[in-house]
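**Q** Coordinates for the following, if possible.
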Amino acid sequence: MRNHSLSGNIAAVLRRCKELESSMRKVGIPAFLACLPVTLLALQYALMLREKNAGISRISGKIEGWTATVRELSAHEHGRSEFIDLDRKMRGDIEGACESMRALRDLCVEICAMFSAFGYESGMLRRCRDRFDTAVNEACRRSQLLMTAVDEHDRRALAIRQQEHAIQQAGAASAAAHAARVAAGLDA
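**A** Okay, here's the model as predicted:
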C-alpha cells in the first residue's frame, strides 16, 4: 500500500511540474527553461536512486562477508558441528530483505515509467535505474549464496551430530553388553 501512495504522490508532483511547464511555455518562457521543474525532479530522483544504490551495494558487501564467515566456520574443527540457522529464521529474514529490495526496484521502474509517460526521457535517470536494478539483482544473488552456504553448513552439522550420537549410543550399547557378559560370568 505504501508503494501505491508513494507512486501516486510522485505522479501528482510530476503532473504539477508538467502543468507548470505548460503554463511557462504559454507565457513565452523558452522550452529549455520551462522544462526545468521536471528536469530538477528527475535529477532529485536520480540522486535518491544513487543513494539507494550505494546502500544496497553496502548490504551486498556485508552479505558476501557473512558468506565467507559461514564458509570459514564450516572449515574449523569445532565450528563444523555448530548450527547456524536450524530454526530457519535467518533464511526468512534474508528472503524478506530480498523481497523488500525487489519491491523497491519495482517501484523504481514504475516511477521511471511515469517520467516516460509524461514525455520526459533522461539518460541519467535510465542509467541510475539500470544500476539500481543491477545492485538489487547482485544483492539477491549474494543472499541466495549465503542461504545456500548456511543450509549446507547446517546439514553437515546435523550429520556430524547424528554420527557423534550414533557413536555414543554404540559405545553405550557395547559397554552394556560387556557388563551383561561380565555379570553372566561369560567374560573373565
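**Q** and the longest helix for this structure?
**A** helix 123-184 (DSSP state H).
**Q** for stretch 107-125, how far is the first residue from the last?
**A** For stretch 107-125, the first-to-last residue distance is 14 Å (CA to CA, to the nearest Å).
**Q** buried sites along that stretch?
**A** L107, C108, I111, C112, M114, F115, F118, Y120, S122, L125 (16 or more other CB atoms under 10 Å). Quick note: C-beta positions are derived from backbone N, CA and C, even for glycine.
**Q** So what's the gap between it and the chain middle?
**A** 24 Å (CA atoms, centre = their mean, to the nearest Å).
**Q** Which residue would you name as the spatial centre of the protein?
**A** C98 (3.3 Å; CA atoms, centre = their mean).
**Q** quick one: pLDDT of that one?
**A** Looking at C98, its pLDDT reads 94.
**Q** what's the weakest-modelled helix or strand in the protein?
**A** helix 2-26 (a mean of 82; mean pLDDT, DSSP states H and E).
**Q** Give me the buried positions along that one.
**A** Quick answer for helix 2-26 (16+ other CB under 10 Å): S7, I10, A11, V13, L14, C17, K18, E21, M24.
**Q** Need the contact partners of it.
**A** 31, 33-35, 37-38, 41, 45, 103, 106-107, 110-111, 114-115, 118-119 (CB atoms under 8 Å, 6 or more residues apart in numbering).
**Q** excluding its backbone neighbours, what's nearest H153?
**A** Using CB to CB, 6 or more residues apart in numbering and skipping the chain neighbours, the partner closest in space to H153 is S74 (4.7 Å).
**Q** The one you found contacts E152, doesn't it?
**A** Yes. Between S74 and E152 there is a contact under CB atoms under 8 Å: 7.5 Å.
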